[in-house]
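Participant: Sequence and predicted model, in that order:
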Amino acid sequence: MGNRKIFNNIAESYKNEWNISKVEKENIRKIIKYSGIKKKDVILEPGCGKGDFSLFILKKLKEGFLYSVDVSEKMLFYAKEKLLKYKNVRLINYDAKNIKIKSGYFDKIICFNCFPHFYPKEKYIKEFARLLKKDGYLIIAHSISRKKINNLHKRFGFNMKKHFLPDFSQMKKILKKYNFKINKNFNKNFYFIKAQKYNL
């Protein structure tokens, strides 16, 4: 079953547990801080879901713009309800490995709680490299650790050949292939990688 069908099926009942947990809320605060969002940034948020994390990004974007993308039109329906009052956000129904936006457009791409579902992962990283400006940043983050999220997806019956969060060595290898250098990485209470695009 593809991601569009999976997330359309669960859109109505889906709840972000990190929006409830005090520990995970603190992890979100740290993820936002380490992401280094600037007020004029143009940001892409693939896998935005119902738009809960979009709200945290928009608090920092005073003069910038956010493109929130999801493959599930039903998830975007709920995101639209949350984000209606914001004039500096656009919701787009795309698969994030094929986004019809010009190359070198974004200052940052922030993948929050979505990267495990991107497959094959190299295709997404390649597309993100195309979309980022020179010296732009790719952030891949999860509100819990790699071990916890992989165990959670396994328990929910996801195909673990596709729906997994890679370890640091795997991520480093993929990112290097597409001209990214990792600046920050954590994997204790939460998972966080910040990689900068460089040109050879």
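Facilitator: Great, that's in hand.

Participant: Determine the longest strand present in this structure.
Facilitator: strand 132-142 (DSSP state E).

Participant: Pull out the buried positions in that one.
Facilitator: Leu132, Gly136, Tyr137, Leu138, Ile139, Ile140, Ala141, His142 (16 or more other CB atoms under 10 Å). Quick note: C-beta positions are derived from backbone N, CA and C, even for glycine.

Participant: check contacts around the fourth one.
Facilitator: Leu138 makes contacts with 108-109, 111, 125, 128-129, 132, 175, 180, 193-197, as judged by CB atoms under 8 Å, 6 or more residues apart in numbering.

Participant: switch the cut-off to 10 Å
Facilitator: 44, 106, 108-111, 124-125, 128-129, 131-132, 175, 178, 180, 182, 193-197 (CB atoms under 10 Å, 6 or more residues apart in numbering).

Participant: do the same with the last one
Facilitator: Residues in contact with His142, defined by CB under 10 Å, 6+ apart, are 18, 24, 27, 31, 111-116, 148-150, 165, 187, 190-193.

Participant: just the buried members of these?
Facilitator: 18, 24, 27, 31, 111-116, 149-150, 165, 190-193.

Participant: Restricted to helices, list these.
Facilitator: If you go by DSSP state H, the buried ones among the contacts of His142 have Glu24, Asn27, Ile31, Ile149, Asn150 in helices.

Participant: Taking the residues you listed together, which two end up most distant?
Facilitator: Greatest spatial distance in these: Ile31 and Asn150, 18.4 Å, computed using CB to CB.

Participant: Give me the pLDDT for Tyr78.
Facilitator: For Tyr78, the model assigns a pLDDT of 94.

Participant: Now do the same for it: helix, strand or coil?
Facilitator: Of the three states, Tyr78 takes helix under DSSP: H, G, I helix; E, B strand; the rest coil.

Participant: Give me the nearest residue to it, chain neighbours excluded.
Facilitator: Of all residues not flanking Tyr78 in the chain, Lys50 sits nearest, at 4.3 Å (CB to CB, 6 or more residues apart in numbering).

Participant: Cheers, nothing more for now.
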